[in-house]
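Participant: predicted model, plus sequence, below.
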Amino acid sequence: EFHPQYDVVGQGFRQPGSAFKPFNYAIGIDDRTITAGTMFMDSATDFGGGYTPTNADNLERGPVRVRKALQFSLNIPSVKAMVLNDPGHAFAKAKEFGLTFQSDTTDAGAALALGVAETRPVDLVTGYGTLANEGRYIGHTTILTVTDRAGKDVVDPYAPPPGEPVVSPQSAF
C-alpha cells in the first residue's frame with residue numbers, strides 16, 4: 001500500500017519556472033507600464049552582474065510583442081518586463097494572486113521573471129484561478145459539498161465569495 005508521508009502539492013515548495021510569466025505580464029499590463037502590444041527586443045542583454053539570460057532554444061528573435069513573448073515563453077522579454085515592473089512590486093503583487101513563497105522577501109531581482117522564487121503548486125494553481133476569475137482572488141477550497149448516504153447536504157454547499165480584485169478583468173484576460 002502507498003501511504004504518502006508528504007503532500008508535495010500542498011506543502012512542497014518548487015520553482016514555478018515559466019509558469020510565473022503570466023503574472024509578470026498581467027502585473028505590467030494592470031500597472032499600465034506595458035500592453036499586450038508592447039514591443040521588446042528579444043536579444044542578449046546584460047542586466048548587470050553578468051546576468052545575461054537566454055531563451056530555452058538559445059535563439060534570439062529581435063523585436064517581439066508581449067503577446068508573442070508570452071505565447072512562446074521567451075525569457076529575455078520576460079526579464080525586461082520584470083525590470084519595468086520592479087521585482088519587489090511584482091513579488092508583493094504575486095502574493096495577492098494567491099501565491100505564497102518559501103521566503104517573505106526575495107533577492108532574485110530580475111530573475112524573478114523566470115520563476116526562481118519557490119511556491120507551492122497548489123498556490124500556483126490558485127494564482128491561475130485568480131487570472132481565470134477575471135483578476136479576482138477567491139482562494140482555493142478542496143471540499144465543495146458534504147452529503148450523507150442519501151445524498152442530502154450535511155453542511156451548506158460551498159458558494160464562492162465575490163473575490164478580492166487583484167488586477168482588472170482586462171489585464172487578467
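Facilitator: Good, I have the coordinates.

Participant: how many residues are close by the closest residue to Tyr158 other than its chain neighbours?
Facilitator: Leaving aside its chain neighbours, Tyr158 sits nearest to Leu144 (4.5 Å; criterion: Cβ to Cβ, 6 or more residues apart in numbering). Bear in mind the C-beta positions are built from the backbone N, C-alpha and C, glycine included. Residues near Leu144, counting by other Cβ atoms under 10 Å, number 9.

Participant: before we move on, what about Ala94?
Facilitator: Quick note: Ala94 (other Cβ under 10 Å) scores 26 neighbours.

Participant: quick check, it in contact with Gly127.
Facilitator: Yes. If you go by Cβ atoms under 8 Å, Ala94 and Gly127 touch, sitting 7.0 Å apart.

Participant: give the residues shared as contacts by these two.
Facilitator: Overlap of the contact sets of Ala94 and Gly127 (by Cβ atoms under 8 Å, 6 or more residues apart in numbering) consists of Phe23.

Participant: how close does Phe20 get to Ala108?
Facilitator: To Ala108, Phe20 is 10 Å away according to Cβ to Cβ, to the nearest Å.

Participant: these two: who's more crowded?
Facilitator: Taking neighbours as other Cβ under 10 Å, Phe20 and Ala108 compare with Phe20 leading, 23 against 18.

Participant: now for the closest residue to that one other than its chain neighbours: which residues touch it?
Facilitator: Of all residues not flanking Phe20 in the chain, Gly115 sits nearest, at 3.6 Å (Cβ to Cβ, 6+ apart). Shown in contact with Gly115 (Cβ under 8 Å, 6+ apart): Gln15, Pro16, Gly17, Ser18, Ala19, Phe20, Lys21.

Participant: kindly report the same for Ser43.
Facilitator: Glu60, Gly62, Ile76.

Participant: please enumerate the strands of the chain.
Facilitator: Secondary structure of the chain (DSSP state E): strands at 39-42, 62-65, 136-137, 164-165.

Participant: output those strands as CSV; include the columns mean neighbour count and distance to Asp148.
Facilitator: Formatted as CSV, the strands of the chain follow (neighbours: other Cβ atoms under 10 Å; distance: least, Cβ to Cβ, whole Å):
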stretch, mean neighbour count, distance to Asp148
strand 39-42, 18, 57
strand 62-65, 14, 55
strand 136-137, 20, 33
strand 164-165, 14, 34
